[in-house]
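Asks: Just a sequence and a predicted model for now, questions to come.
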Amino acid sequence: MKTAIIYYSMSGNTTYVANILKEQLDPEVDLIEIKPVKAFPDSGFKKFLWGGKSAVMAQKPKLQPYTFDEEKYDQIIIGFPVWASRIAPPVRTFVEENKSALKSKSISAFACQAGSGGEKALSGLKSLIGIEAFKASMILIEPKEKLSSIYDGIIKDFCGKVL
Ligand SMILES: Cc1cc2nc3c(=O)[nH]c(=O)nc-3n(C[C@H](O)[C@H](O)[C@H](O)COP(=O)(O)O)c2cc1C
């Protein structure tokens, strides 16, 4: 089964998990990182204000060109940081741009967060795509900063459901 991991990451946590998943699932898995044309501020006061406002307003920032050859994949894993208990806006853009393709695939998702909001964000992502359930889902708290062994079990379980 050919899989793509599509993700956005501002400060590296989601990238970190995407790479672990690629390693554990199959090195043939494609990693597709999406990035907004105009980067969100990633430090200081503006970081939370601008990103949070954009997430609450359900904005869809324009993305840098990416390659997503939908025909190639049977299943998709979407990874994102939780912003204001929602999906980070670049993921919203990607989903809106590829909704019909995504609806026909098996979808899994993971969220990185600092504390809470992941469940709400995952549920919002399901509604946005228009699916009843994810094949697998997981929420991780600042995984890049933790000893990776803390998440061994949850990641193994996620990979087991995806495969
Ligand atoms: C604009 C903004 C809003 C955030 N909102 C939340 C939130 O509602 N709940 C939470 O637990 N963490 C929140 N965070 C923290 C991130 O979800 C967390 O640091 C995540 O691991 C970052 O992933 P990344 O390193 O891939 O960007 C927010 C971060 C930013 C920048």
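Replies: Right, received. Where do you want to start?
Asks: Can you give me every residue that contacts the residue of the chain at minimum distance from the ligand?
Replies: Relative to the ligand, the nearest point of the chain is residue 51 (2.7 Å; CB to the nearest ligand atom). C-beta: built from backbone N, CA, C; applies to glycine. The contact partners of residue 51, taken as CB atoms under 8 Å, 6 or more residues apart in numbering, are 10, 40, 41, 83, 84, 88, 89.
Asks: in what helix or strand does it lie?
Replies: Following DSSP states H and E, one finds residue 51 within helix 44-56.
Asks: Show me which positions of that helix end up buried.
Replies: 51, 54, 55 (16 or more other CB atoms under 10 Å).
Asks: count of neighbours near residue 112?
Replies: For residue 112, the count of nearby residues is 28 (other CB atoms under 10 Å).
Asks: Residue 5 too?
Replies: Residue 5 has 24 nearby residues by other CB under 10 Å.
Asks: Check the one 4 residues further on too.
Replies: Taking other CB under 10 Å as the criterion, the count of residues near residue 9 is 21.
Asks: do the same with residue 23
Replies: 11.
Asks: Using the three-state scheme, assign it.
Replies: helix (DSSP: H, G, I helix; E, B strand; the rest coil).
Asks: residue contacts, it?
Replies: Per CB under 8 Å, 6+ apart, neighbours of residue 23: none.
Asks: Need the pLDDT of it.
Replies: What the model reports as pLDDT for residue 23 is 93.
Asks: Next: residue 148.
Replies: 64.
Asks: Give me the spatial nearest neighbour of the most centrally placed residue in the chain, chain neighbours excluded.
Replies: Taking CA atoms, centre = their mean, the centroid of the chain lies closest to residue 79, which sits 1.6 Å from it. Among residues not flanking residue 79 along the chain, residue 7 sits closest, at 3.5 Å (CB to CB, 6 or more residues apart in numbering).
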